[in-house]
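>>> Provide a 3D model corresponding to the input given below.
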Amino acid sequence: MQEEVLNFCMYKGILLDKDILGFLENLKDIEVAKNFIEKVDFQYKQKIITKAFFLKNSDKVHDILLSYKGDRRKIIEEFFLSLGLDLPNLEKSKNQIIESNQDKEIVSAKIFQNHPKKIEVKDFVNNFRNRYTFLKGILQQRPELDNLVSVNRITEGSFSIIAMVSDKRTTKNGNIILELEDLTGRINALITKNRPEVFEKSKEILLDEVIGLKCNGNKEVIFASDIFFPDIFLPIKKSSKTEEIIAFTSDIHVGSDKFLRANFIKFIKWLNGDIGNKEQMEEALKVKYLFITGDTIDGVGVYPGQENQLLLKDVKEQYRELASLLSMIRSDVNIIMCAGQHDAVRVAEPQPIITENYAQPLYFLKNLKLVTNPSVVEIGQDTKFKVLMYHGASMHGIINTIEKLRTGRGHDSPTEVVKYLLKKRHLAPSHSLVTYTPLDGNDALIIQEVPDIMTTGDLHRPEISDYNGITLIASSCWQSKTPFEEKVGNNPDPCKVPILNLKTREIKIIDFSDNENK
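Modelled structure (predicted):
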């Protein structure tokens, strides 16, 4: 036990005195010992941990105690009492801390949670019904879709329908047949090449999405004369009275042997106002929010042969290193972070918050807010901005399915892919695009709220765009190209950080790469 503690301290660059080492050895639990060392290191930047430190800083004791529960808290309490320290009233202190944090909170998030239960077929059915009902409500507002009827009420003549696409196929003449269904029945719709504009729209249609059609025909077959997607519009672009800047990044991949650690530290130094000219340093200190959109670590066992490309082969060690890096960022930067496919959470979307089980050191960072993937996060001191975070697991499938993206190198233009998600008002329109978990009858991947900003990751390339008033920001990465990326078609452009000034709405991409990585 003593040897393990000392090895861990050597790795972290920490010195212990004899009293503290004896206490940690008596814990007889290496994980609790590591946890205690990291708390002192992360929270108080203390690399020399001695009995004298706690005697001189008795006000720090209650913060450490509050972070423990049950038997672990009792063990730590006994240690502090043996030092002759007076322990504070924990409940009173806890309430004061909570009230203080609520007063200061300028970040709130809508996260998705489901209660543990056995998932049945009816849960998926309810999920699709929820999706259809919500998107139908949006499409019904389109004035072009006049004379709306349900499938079971189709007779003859001209009419409009709103339906979900259950199948799509091409005839031998090159026309497209859609099998459509609503809550009342099914019908086939024919889209011919004789209507080029409508035919081009039909190439974008994905299975399981909800669309509106103007058509004519009868109850046997209908002919589409126009197609409408739910789509999304933001009529007014907000701006803040206060000059606040958001920085966007993702796909850090801590633990990978391709992780560009030196460049990431360069970014942190810039955030802290430690590098750059006077203007750059002043701009950096205006950054109040940092969005990290998934794949924070490289993980373990994500794809075959990955273990040969890892510097850190344990997930907990990867999160320790990540927490150590994020702890270097100045405390007035609000860090908002969600998971991706490489993180230690389930792959099925919506992905839950990264938990303490694997990433306890992250929970020591008071300026870090962990959210689900996806999440809607509201930020801003005087003007509130809604930011939709989504790592982007569905994007590869959309690129491969939509011809325009597939032939137009969609992997190099992530915001073009995002525009399709917004147009369809869904983050994974087709059932097969991602593995997902139905949430008590609600489809968590519907884009219900109109965001001011949407940020994504996964494709490892930075890009900025606008879609119907919504600011689109795709994040870069901190990992050079891997064999796995080459296989899936990613062409990374690492170490670039988009920043958005909420007052001026100016957007820049700042380059933290060097000649070796360009």
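>>> where does the prediction get shaky in the chain?
27, 42-44, 58-70, 83-105, 111, 113-115, 515-518 (pLDDT under 70).
>>> most residues in a single strand of it, which one?
Taking DSSP state E as the criterion, the chain has its longest strand at strand 157-170.
>>> tell me what that strand is packed against?
The elements that strand 157-170 packs onto, with contact taken as 3 or more CB pairs under 8 Å, 6 or more residues apart in numbering; DSSP states H and E, are helix 121-139, strand 176-181, strand 186-191, strand 210-217. Every C-beta, even on glycine, is put in place using the N, C-alpha and C of the backbone.
>>> got the angle between that strand and strand 176-181?
Following axes from the mean of the first three to the mean of the last three CA atoms, to 10 degrees, one obtains 110 degrees for the angle between strand 157-170 and strand 176-181.
>>> give me the residues contacting strand 157-170.
Contacts of strand 157-170 with the rest of the structure, by CB atoms under 8 Å, 6 or more residues apart in numbering, involve 128, 131-132, 135-136, 139-140, 144-151, 154, 176-182, 186-187, 205-216, 222.
>>> one more time with 7 Å
132, 136, 139-140, 145-149, 151, 176-182, 205, 207-216 (CB atoms under 7 Å, 6 or more residues apart in numbering).
>>> can I get the helix or strand that contains residue 283 in PDB, CA atoms only?
The secondary structure element spanning residue 283 is helix 278-284 (assigned by DSSP states H and E). Listed in PDB are the C-alpha atoms of helix 278-284, where the atom choice follows Å, rounded to 0.1, in the frame of the first residue of the first chain:
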ATOM      1  CA  LYS A 278      -1.500  42.600 -25.200                       C
ATOM      2  CA  GLU A 279      -4.600  42.500 -27.400                       C
ATOM      3  CA  GLN A 280      -4.700  38.700 -27.500                       C
ATOM      4  CA  MET A 281      -4.200  38.500 -23.700                       C
ATOM      5  CA  GLU A 282      -7.000  41.000 -23.100                       C
ATOM      6  CA  GLU A 283      -9.300  39.000 -25.400                       C
ATOM      7  CA  ALA A 284      -8.500  35.700 -23.700                       C
END
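>>> now do that helix: which elements does it pack against?
Contacts defined by 3 or more CB pairs under 7 Å, 6 or more residues apart in numbering; DSSP states H and E place helix 278-284 against no helix or strand at all.
>>> in that helix, which residues are buried?
In terms of neighbour count (16 or more other CB atoms under 10 Å), helix 278-284 has its buried residues at 283-284.
>>> following that helix in sequence, what is the next regular element?
The C-terminal neighbour of helix 278-284 among helices and strands, as given by DSSP H and E, is strand 287-293.
>>> about what we covered before: what angle separates the longest strand of the chain from helix 121-139?
Using the same axes, to 10 degrees: strand 157-170 against helix 121-139 is 130 degrees.
>>> quick one: residue 283 and residue 275, what's the gap?
Taking CB to CB, to the nearest Å as the measure, residue 283 and residue 275 are separated by 12 Å.
>>> how about residue 129: what's its closest non-neighbour residue?
Spatial nearest neighbour of residue 129, chain neighbours left out: residue 183 (7.3 Å); criterion: CB to CB, 6 or more residues apart in numbering.
>>> likewise for residue 431?
Beyond its immediate neighbours in the sequence, the residue positioned closest to residue 431 (CB to CB, 6+ apart) is residue 208, lying 5.0 Å away.
>>> coming back round to it: residues making contact with the helix holding residue 283?
For helix 278-284, using CB under 7 Å, 6+ apart, the contacting residues are 270-271, 273, 276.
>>> on that earlier part again, need the winner for burial among the helices and strands packed on strand 157-170.
Stretch with highest mean neighbour count among the helices and strands packed on strand 157-170: strand 210-217 (a mean of 21; mean count of other CB atoms under 10 Å).
>>> which parts of the helix or strand following it are buried?
Moving toward the C-terminus from strand 210-217, the first helix or strand encountered (DSSP H and E) is strand 221-228. Going by neighbour count (16+ other CB under 10 Å), the buried part of strand 221-228 is 222-224, 227-228.
>>> and the two most separated of those?
Comparing all pairs in these by CB to CB, the longest separation belongs to 223 and 228, at 15.7 Å.
>>> what's the span of stretch 288-304, first residue to last?
One end of stretch 288-304 sits 39 Å from the other (CA to CA, to the nearest Å).
>>> then stretch 184-193?
The first and final residues of stretch 184-193 sit 29 Å from each other (CA to CA).
>>> roughly how far is that stretch from the heart of the chain?
Averaging C-alpha coordinates over stretch 184-193 and over its chain gives two centres that are 37 Å apart (CA atoms, centre = their mean, to the nearest Å).
>>> who's in contact with that stretch?
Here stretch 184-193 makes contact (CB under 7 Å, 6+ apart) with 150-152, 154, 174-180, 198-199, 202, 213, 215, 221-224.
>>> any idea how many residues pack against the residue nearest to residue 129?
Around residue 183 there are 13 other residues, counting by other CB atoms under 10 Å.
>>> sec struct for it, please.
Going by DSSP: H, G, I helix; E, B strand; the rest coil, the secondary structure assigned to residue 183 is coil.
>>> and the most far-flung residue of the chain relative to its centre, backbone torsions?
Ranking residues of the chain by C-alpha distance from their mean position (CA atoms, centre = their mean) puts residue 156 at the top, at 47.6 Å. The main-chain torsion angles of residue 156 are listed as degrees, to the nearest 10 and equal phi -140, psi 160.
>>> now it. Nearest residue, chain neighbours left out?
Going by CB to CB, 6+ apart, residue 156 has residue 218 as its nearest residue, at 4.8 Å.
>>> ok, the one you found touching residue 153?
No: taking contact to mean CB atoms under 7 Å, the distance of 12.0 Å between residue 218 and residue 153 leaves them out of contact.
>>> who's in contact with the one helix or strand residue 22 maps to?
Element membership of residue 22, judged by DSSP H and E, is helix 18-27. Identification of contacts with helix 18-27 by CB under 7 Å, 6+ apart yields 1-2, 5, 33, 36, 49-51, 75, 79.
>>> swap in stretch 328-338?
Residues from elsewhere that reach stretch 328-338, judged by CB under 7 Å, 6+ apart: 106-107, 268, 271-272, 287-294, 296, 326, 366-373, 375, 377, 389, 391.
>>> in strands only, show me those residues.
Under the assignment DSSP E, the contacts of stretch 328-338 contribute 107, 287-293, 368-370, 375, 377, 389 to strands.
>>> just say helix, strand or coil for the residue lying closest to residue 319 once chain neighbours are set aside.
With CB to CB, 6+ apart as the measure, residue 359 is the residue that lies nearest to residue 319, at 3.9 Å, once sequence neighbours are left out. With three-state DSSP as the basis, the three-state label of residue 359 is helix.
>>> separation between residue 359 and residue 335?
Counting by CB to CB - residue 359 and residue 335 are separated by 13 Å.
>>> more neighbours, these two?
residue 359 (24 against 19).
>>> next up, the contacts around residue 107.
Residue 107 makes contact with 334, 336, 369, 377, 379 under the criterion CB under 7 Å, 6+ apart.
>>> still on that earlier bit, list the buried ones in the longest strand of the chain?
When neighbours are counted by 16+ other CB under 10 Å, the buried residues of strand 157-170 are found to be 159-165, 168.
>>> for stretch 466-480, same thing?
For stretch 466-480, using 16+ other CB under 10 Å, the buried residues are 467, 470-480.
>>> check stretch 36-55 too.
With burial defined by 16+ other CB under 10 Å, the residues of stretch 36-55 counted as buried are 36-43, 46, 49, 51, 54.
>>> narrow those residues to those in strands?
The strands in this structure, assigned by DSSP E, contain residue 49 from those.
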